[in-house]
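[1] Kindly generate the corresponding structure for this input.
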Amino acid sequence: MSDSRPAHVPWLTPYLTVRNARKAVDFYQRAFGFTLHDQVDDDGAVMHVEMFYKGQLILMFAPEGAFGSTAKSPKSAGIEASQSFYVYCDDVDAHYARATAEGARGIMPPEDQFWGDRFCQLEDPDGYRWGFAKPVTARA
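    A predicted model of the protein is given here:
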C-alpha cells in the first residue's frame with residue numbers, strides 16, 4: 001500500500017483558526033518553541049502558516065476570514081476550546097515558565113501525574129489549550 005502523504009507530513013496535522021496570523025507565528029515561536037516552515041501571503045496579509053515542533057509535529061493555521069471562511073478562534077467565539085493538544089517537551093517546568101512569560105495563560109502548573117508524565121496545561125492567546133509533558137517513569 002502506498003503512502004499518500006507528502007514526505008514531511010504526519011498522518012494528523014492540526015489546522016487552527018487564529019485572530020492574527022503574524023501574532024500567532026510570533027507567539028508559537030517565542031512561547032512554545034515552534035519554528036516557521038512555510039507562510040503564504042496575499043497582498044501582504046498572511047493567509048496560511050505551517051510551523052514545526054522538533055521537526056516532527058506540524059501545526060497549520062490561517063487567520064479568521066482567510067479563503068472566505070467564517071470560522072473563529074475560540075477566543076473570538078467566546079467559547080472554551082473543546083479539544084486540547086498534548087505535546088511532549090524536554091523540560092515541562094521551563095516550558096511553562098517561558099510560555100506564561102510570553103502571554104500564555106497557565107491553567108495547570110507543572111506537576112507529576114498519576115499516569116507517569118510531568119504535565120502542565122496552558123491556553124494560547126487565541127483560546128486553544130496545550131498540554132506539555134515529559135515522562136517521569138518508565139512506561140510498561
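
[2] what about the helices in this protein?
    21-32, 74-77, 92-101 (DSSP state H).

[3] Restricting to C-alpha, output the last one in PDB.
    This means helix 92-101. The C-alpha coordinates for helix 92-101 follow below in PDB (Å, rounded to 0.1, in the frame of the first residue of the first chain):
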ATOM      1  CA  VAL A  92       8.000  20.900  31.400                       C
ATOM      2  CA  ASP A  93       8.800  23.500  34.100                       C
ATOM      3  CA  ALA A  94      11.000  25.600  31.800                       C
ATOM      4  CA  HIS A  95       8.400  25.300  29.000                       C
ATOM      5  CA  TYR A  96       5.600  26.500  31.300                       C
ATOM      6  CA  ALA A  97       7.700  29.400  32.700                       C
ATOM      7  CA  ARG A  98       8.700  30.600  29.200                       C
ATOM      8  CA  ALA A  99       5.100  30.300  27.800                       C
ATOM      9  CA  THR A 100       3.500  32.200  30.700                       C
ATOM     10  CA  ALA A 101       6.100  34.900  30.400                       C
END
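
[4] low-confidence ranges in this structure?
    For the chain, the stretches flagged by pLDDT under 70 are 1, 138-140.

[5] Single out the most deeply packed of the helices of the chain.
    Ranked by mean neighbour count, the helices of the chain are led by helix 21-32 with a mean of 19 (mean count of other C-beta atoms under 10 Å). Yep, even glycine has a C-beta here, placed from its N, CA and C like the rest.
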